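Novice: Provide a 3D model corresponding to the input given below.
(one chain, ligands or ions: 2)
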Amino acid sequence: MVTTDFMRRLPKAELHLHLEGSLEPEMLMALAKKNKVDIPFQTIDEVRQAYQFTQLQDFLDIYYAGMNVLRTESDFYELTTAYLQQSHKDGVVHVEVFFDPQGHTERGLPFQVAADGIVRALRDGKSKFGITAQLIMCFLRHLPEADALQTFAQAEPYFADGRIVGVGLDSSELGNPPEKFERVFKRARLAGLKTVAHAGEEGPAAYVRNAIELLKIDRIDHGNRALDDPSLIADINRRGLALTVCPLSNLRLRVVDDLQQHPLKRMLEADLCATVNSDDPAYFGGYLLDNFVAVTEALQLTKIHVIQLAKNSITGSFLDDSQKQRHLNEIDRISVL
Ligand code: ADE
Ligand code: ZN
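Specialist: Ligands and ions are numbered 1, 2, ... in the order given. Alright, predicted model coming up:
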């Protein structure tokens, strides 16, 4: 039996987390009141009741409505700090987090409001919680590529000094394939940024293949459907690409019918560098440690699996080799205690 305490003590990185998806109902209600934003809920229970999804789009509709309460730089600071505080409790030592700038600029906020609040909180998070952090901005794939290119231009001042290290691709997957964003991803690579993309969450294995071959991504977000194609699995392994897998998200968005069917163990058995992540914890019922506990129980994972998952989160990160080695050594040290 792998204990929760052991999973907590293992140093872990979280590589797939949408900051706007960590907006807890309590903070949502408080910010709605402070910023005088009308929301169709009277109580926190009513908010939670609304979080019932049968597919990705059901969630996205509520997620974009929810982020409307975020109005000031300090709102984004508070949101990000609360996430880091929870992550610290879960034994997270490093995070590579997403935000959706278009979800904010589309409703009239300047790009800097979200970006500056988040960047400041991530910097303070290092001294407050000892957590290192990198920031990735995602393009909303349901919008045209021209909008992504415009967002890219707004973000350019944040690249040179590493305040934003990468770009990603999220939102409604089906019907919005990776090739729609080839130009903006090429521009990101030329600017020296890391690139990731949600692929194979609801979309087919071909979307994963195209994200790899056309967008030339450095890491795959979700990637569940890659398992449908053995030659793709071999290719992912040959390229050494990690997968950021999100068990409780997959359950709540009905990507899997139940956690016993979750592909994580099969991914590990296929030698894929699969990692565990929380995606949108305020909406899906759990932060990183909750995901580890739930999937370990459902799939009867052993201590060896769990150690491998912690190590994968470090090797799959964008940390440099010496930082990776330091965390890997610490995982080894804790594993033999
Ligand atoms: N945006 C936030 N969470 C997402 C998810 N799981 N898939 C696609 N887009 C998202
Ligand atoms: Zn996601």
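
Novice: mean confidence for the longest helix along the chain?
Specialist: As assigned by DSSP state H, the longest helix anywhere in the chain is helix 111-129. Helix 111-129 shows an average pLDDT of 98 in the prediction.

Novice: show me what that helix is in contact with.
Specialist: 19, 70-81, 84-85, 87-88, 95, 97, 99, 101, 104-105, 131-133, 135, 137, 151, 154-155, 158, 163-164 (Cβ atoms under 8 Å, 6 or more residues apart in numbering). (Glycine included, C-beta is placed from N, CA and C.)

Novice: output it as CSV - backbone C-alpha positions only.
Specialist: What follows is helix 111-129, C-alpha atoms only, in CSV (Å, rounded to 0.1, in the frame of the first residue of the first chain):
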residue,chain,number,x,y,z
PHE,A,111,-2.6,41.9,-21.3
GLN,A,112,-0.4,43.2,-18.5
VAL,A,113,-3.1,43.0,-15.8
ALA,A,114,-3.2,39.2,-15.8
ALA,A,115,0.4,38.6,-16.7
ASP,A,116,1.9,41.0,-14.1
GLY,A,117,-0.2,39.7,-11.3
ILE,A,118,0.7,36.1,-12.1
VAL,A,119,4.4,36.9,-12.6
ARG,A,120,4.6,38.8,-9.3
ALA,A,121,2.9,35.9,-7.4
LEU,A,122,5.2,33.3,-9.0
ARG,A,123,8.3,35.3,-8.0
ASP,A,124,7.0,35.8,-4.4
GLY,A,125,6.1,32.0,-4.3
LYS,A,126,9.8,31.2,-4.5
SER,A,127,10.5,32.9,-1.2
LYS,A,128,7.2,32.2,0.5
PHE,A,129,6.9,28.5,-0.4
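
Novice: buried sites along that helix?
Specialist: Buried residues in helix 111-129, counted by 16 or more other Cβ atoms under 10 Å: 111, 113-122, 125, 129.

Novice: circling back: which ones among the contacts of helix 111-129 are found in strands?
Specialist: If you go by DSSP state E, the contacts of helix 111-129 have 95, 97, 99, 132-133, 135, 137 in strands.

Novice: filter the contacts of helix 111-129 down to the buried ones.
Specialist: 19, 70-71, 73, 75-81, 84, 87, 95, 97, 99, 101, 104-105, 131-133, 135, 137, 151, 154-155, 158, 163-164.

Novice: can you name the residues bridging to whichever residue of the chain sits closest to ligand 1?
Specialist: Residue nearest to ligand 1 within the chain: Asp170 (3.5 Å; Cβ to the nearest ligand atom). With DSSP bridges as the criterion, Asp170 is bridged to Leu140.

Novice: what about Asp290, how many neighbours?
Specialist: Residues near Asp290, counting by other Cβ atoms under 10 Å, number 17.
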